[in-house]
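>>> I would like to see how this sequence folds:
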Amino acid sequence: MSENVFKEIEAKMSKCVEATCADFASIRTGRASAALLDRLHVEAYGQSTPLKQVAQIAVPDARTLVITAWDKGVVSEIRKAIEKSDLGISPNVDGTTIRLFVPPLNEERRHDLVKIIKKKSEDGKIAVRNVRHKAHDDLKTQLKNGEITEDDNKRLQEQLQKLTDRFVKEIDALVVTKEKEVMEV
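Sure, this is the predicted structure:
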């Protein structure tokens with residue numbers, strides 16, 4: 001297994017961490033963030049379009065999101081998309097501007113969000129482990145075919161495990177940060 005293959009494995013594991021980070025960004029904390037709206041799609045111009053492509057999103061303060069539609073015709077569709085979403089926020093429409101007031105989270109909701117964060121982090125760790133598992137199988141095949149020696153196999157397995165541990169620790173660090181953010185009153 002060459003260095004290029006390890007760089008490829010590292011890139012795949014890194015993408016798993018990035019995906020977990022993106023999942024965390026979409027979890028609502030008590031603070032307003034444009035990332036809350038990243039997953040929203042609006043029925044505009046006959047197709048489902050990401051909200052970012054039909055409107056500007058601003059965060060004027062810690063509790064408010066302001067969405068300014070570029071076309072007055074899509075305002076009602078933006079409102080519908082927000083109401084249908086799992087955000088639990090009611091939009092206030094004023095012309096081409098939609099204001100979202102992010103309410104503070106109650107204690108029970110904070111604990112529920114922490115559980116969601118832990119579940120998403122576990123999904124991220126599983127993805128990292130799946131990358132490791134595939135690489136492990138590739139090493140076994142190479143050993144079986146006589147492409148690498150037993151010593152090479154042991155060394156590469158240790159290298160692979162260290163890489164896996166590093167990315168799992170990164171996900172754990174993300175969890176601690178996000179949990180702190182959610183539990184902050």
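>>> Next one: the spatially closest residue to Gln157 that is not a sequence neighbour from Glu83, what distance?
Here the nearest residue to Gln157 in space, its sequence neighbours aside, is Leu139; by CB to CB, 6 or more residues apart in numbering that works out to 6.4 Å. Heads up, the C-betas are built off the backbone N, CA and C, glycines and all. From Leu139 over to Glu83 the distance is 51 Å, taken as CB to CB, to the nearest Å.
>>> Mind checking which of those two has more residues around it?
Leu139 (20 against 11; other CB atoms under 10 Å).
>>> and the strand or helix carrying the more buried one, what does it pack onto?
Using DSSP states H and E, Leu139 sits within helix 107-144. Using 3 or more CB pairs under 8 Å, 6 or more residues apart in numbering; DSSP states H and E, the elements in contact with helix 107-144 are helix 3-25, helix 150-183.
>>> Quick one: neighbours of the closest residue to Arg31 other than its chain neighbours, just the number.
Distances taken as CB to CB, 6+ apart put Ala62 closest to Arg31, at 5.2 Å, once the chain neighbours are dropped. By other CB under 10 Å, 10 other residues sit near Ala62.
>>> Tell me the confidence at Ala62?
The per-residue pLDDT reported for Ala62 equals 79.
>>> Also Arg79?
Confidence score, pLDDT, at Arg79: 87.
>>> hang on, it packs against Val93?
Yes - when contacts are counted by CB atoms under 8 Å, Arg79 is listed as touching Val93 (5.6 Å).
>>> From Pro103, how far out is the residue nearest to Arg31?
On the measure of CB to CB, Ala62 and Pro103 end up 12 Å apart.
>>> Secondary structure element for Val42, which one?
Going by DSSP H and E, Val42 is in strand 41-44.
>>> Tell me where the model's unsure across this protein.
1-3, 28, 30, 185 (pLDDT under 70).
>>> Domain ranges for it, per the record?
Per automatic domain parsing, the structural domains of the chain span 3-25+106-183, 34-101.
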